[in-house]
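> sequence? don't have it. structure:
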Ligand SMILES: Nc1ncnc2c1ncn2[C@@H]1O[C@H](COP(=O)(O)OP(=O)(O)OP(=O)(O)O)[C@@H](O)[C@H]1O
């Protein structure tokens, strides 16, 4: 091409006559050969300047600076857009919908890949053969929490019970989010395809609806997305599911003549760690312990121990032992199995009942000191004492809790409560059984402030507080007693005035309650080393 030269010939805009100012040696060839408004493109040989290789003449009227006039642009636009409209209408009318969708998605994918060739796409389909794809279900839940200003269509729904709207991505909608600086685009796609399985589809016709998620990101981030982002999404989904989970309370049903089994109702106890009157450091220690426990699945596996945790709650009546159990269940979203040992007649029945409990649950054995006389309890005195299944023994209880029951389930918590720790059999307190001893004691001033906030909505100070703090120094009062006083009126001044009278009255009488002589307060951890040594035997 080096021996060629391109030359434009154009009539002068300043002269209203047929004159062609030209360039180079070709001027003689084309002079006076153009009409006004004409433009000519010459390709000439550089070696023989007068030799025209190609000649193109444009008759379109040109603007002063060589650009097309607005009328030309408009005419071109009108003709192109009407052609596109015509094509579009024809495409929609003639081509079947499935084919349309296929063509459009093929085009989209083609352009997407050619424009961004280093992109990677993960496809997560709704089902894996016959089985539902767990990942797809999880992604669907995850997407309900996402919103994006760019999304222009969402599917929303609401159940009768739920006050919140649930939103889902609609077909072909996309959401983009950033994870560790990586841009990840989620797209939800559903498409009707022909049912080749021969089974009836939910749509009634021979078609089935295929749904899937596409995750698009740069190829270099493939490993981060697979190894870190997807596990992160699954963890988020677990938390979302947990937040929605309804905690159940299981108690022993009593159907005449039939073996006892668990009956369940929704746990209505609204106690939480926030509403619980407890020293803040003790509360934190317990929450941290629970958090660690639920996170340590692999750890328990590695050290060869059952994934279980035992807590002993002890203290006078009305100090919040049951409230703490409810707070733990609400915090972890674990069901509660409330077992009254006086209803259990034999080791055999005890095992059967425990095997009927589910994972992620709390087994509560309340008032263990007074509910049953272990280990000598028998059903029938004339039976052979060596038959352990026919009597209920302490060793039966502990062995089963330590052994088979705890190892055939996951995330099991067992809680014993007692008003009198001193009365308990030392075997129960052995390290490895009860990992944490929690003393629920009389109310402290810190605990009182929690109750004042919960019951009277006093978040900071009240002029009665100083007086109440002084009285707490000289009288022992349970949270249950104080809660009772704080509920007497909706006027906080009246309630606190009543509480001051109540405390003064108590002070006068100098009444001591229950196990006031206890010297060990709060949360007590059993050293891990000790636990390991003694684990597994009664
Ligand atoms: N620590 C606490 N924090 C908040 N509220 C409490 C606390 N302790 C007791 N209460 C209030 O007192 C009521 C009775 O408390 P709860 O049944 O939890 O005590 P308990 O120690 O289990 O008693 P018992 O030993 O008699 O079973 C609860 O419903 C709650 O309203």
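Here it is on my side, so go on. If you're wondering where the values come from, they're calculated on a predicted model, not measured in any experiment. Numbers count the residues shown, from 1 in each chain.
> so what's the residue in the stretch 1-150 of the chain positioned nearest to the ligand up against?
Across the stretch 1-150 of the chain, no residue is closer to the ligand than residue 145, which sits at 32.2 Å (Cβ to the nearest ligand atom). Where C-beta positions appear, they are placed from N, C-alpha and C, glycine not excepted. By Cβ atoms under 8 Å, 6 or more residues apart in numbering, residue 145 lies in contact with 236, 240.
> sec struct for it, please.
At residue 145, secondary structure determined by DSSP: H, G, I helix; E, B strand; the rest coil is coil.
> any idea how far residue 438 lies from residue 103?
Residue 438 is 67 Å from residue 103, where distance means Cβ to Cβ, to the nearest Å.
> looking at the two now, which is surrounded by more residues?
residue 438 (24 against 12; other Cβ atoms under 10 Å).
> in terms of helices and strands, where is that one?
Following DSSP states H and E, one finds residue 438 within strand 436-439.
> what mean pLDDT would you report for the next helix or strand after that strand?
Next helix or strand after strand 436-439 toward the C-terminus (DSSP H and E): helix 445-456. Average pLDDT, helix 445-456: 93.
> go on, stretch 271-288?
Regarding stretch 271-288, the rounded mean pLDDT is 93.
> now tell me what touches that stretch from outside.
Here stretch 271-288 makes contact (Cβ under 8 Å, 6+ apart) with 320, 323-324, 326-328, 330-331, 436, 438, 440, 443-444, 446-448, 450-451, 454, 479, 482, 522-523, 525.
> what about the strands in the stretch 151-300 of the chain?
Assigned by DSSP state E, counting those that start in this stretch, the strands in the stretch 151-300 of the chain fall at 154-157, 166-169, 174-179, 182-194, 207-218, 248-252, 262-266.
> residue 363 looks like it's in a helix, true?
No: Residue 363: not assigned to a helix; according to three-state DSSP it is strand.
> separation between it and the ligand?
16 Å (Cβ to the nearest ligand atom, to the nearest Å).
> pretty sure that residue is touching residue 411, no?
No: contact criterion Cβ atoms under 8 Å: residue 363 and residue 411 do not qualify, at 11.7 Å.
> least confident secondary structure element in the chain?
helix 528-534 (a mean of 33; mean pLDDT, DSSP states H and E).
> of the contacts of stretch 271-288, buried ones?
The neighbour-count criterion (16 or more other Cβ atoms under 10 Å) marks 320, 323-324, 326-328, 330-331, 436, 438, 440, 443-444, 446-448, 450-451, 454, 479, 482, 522-523 among the contacts of stretch 271-288 as buried.
> one step back: which of residue 363 and residue 411 has more neighbours?
Each of residue 363 and residue 411 has its neighbours counted (other Cβ under 10 Å); residue 363 has more, 24 against 19.
> what's opposite the more buried one in the beta bridge?
residue 337, residue 414 (DSSP bridges).
> quick one: contacts for it?
If you count contacts by Cβ under 8 Å, 6+ apart, then residue 363 has 337, 339, 354, 357, 412, 413, 414, 415 around it.
> tell me which element the residue nearest to residue 481 when sequence neighbours are not counted falls in.
Leaving out its chain neighbours, the residue that sits closest to residue 481 by Cβ to Cβ, 6 or more residues apart in numbering is residue 318, at 6.5 Å. Under DSSP H and E, no helix or strand contains residue 318.
> was I right to think residue 318 contacts residue 480?
Yes: counting by Cβ under 8 Å, residue 318 does reach residue 480; the two are 3.1 Å apart.
> and stretch 233-247, average pLDDT?
What stretch 233-247 shows for mean pLDDT is 86.
> no, scratch that, I was asking about stretch 477-487
94.
> for it, which outside residues touch it?
With Cβ under 8 Å, 6+ apart as the test, stretch 477-487 has contacts from 277, 316-320, 323, 442-443, 447-448, 451-452, 455-456, 495, 498-499, 502-503, 506, 513.
> for it, list every residue counted as buried.
477, 478, 479, 481, 482, 483, 485, 486.
> same question, stretch 450-466
450, 451, 452, 454, 455, 456, 458, 462, 464, 465.
> now what about that stretch, what contacts it?
Applying Cβ under 8 Å, 6+ apart, the contact partners of stretch 450-466 are 274-278, 443, 449, 479, 482-483, 486-487, 492-493, 495-497, 499-500.
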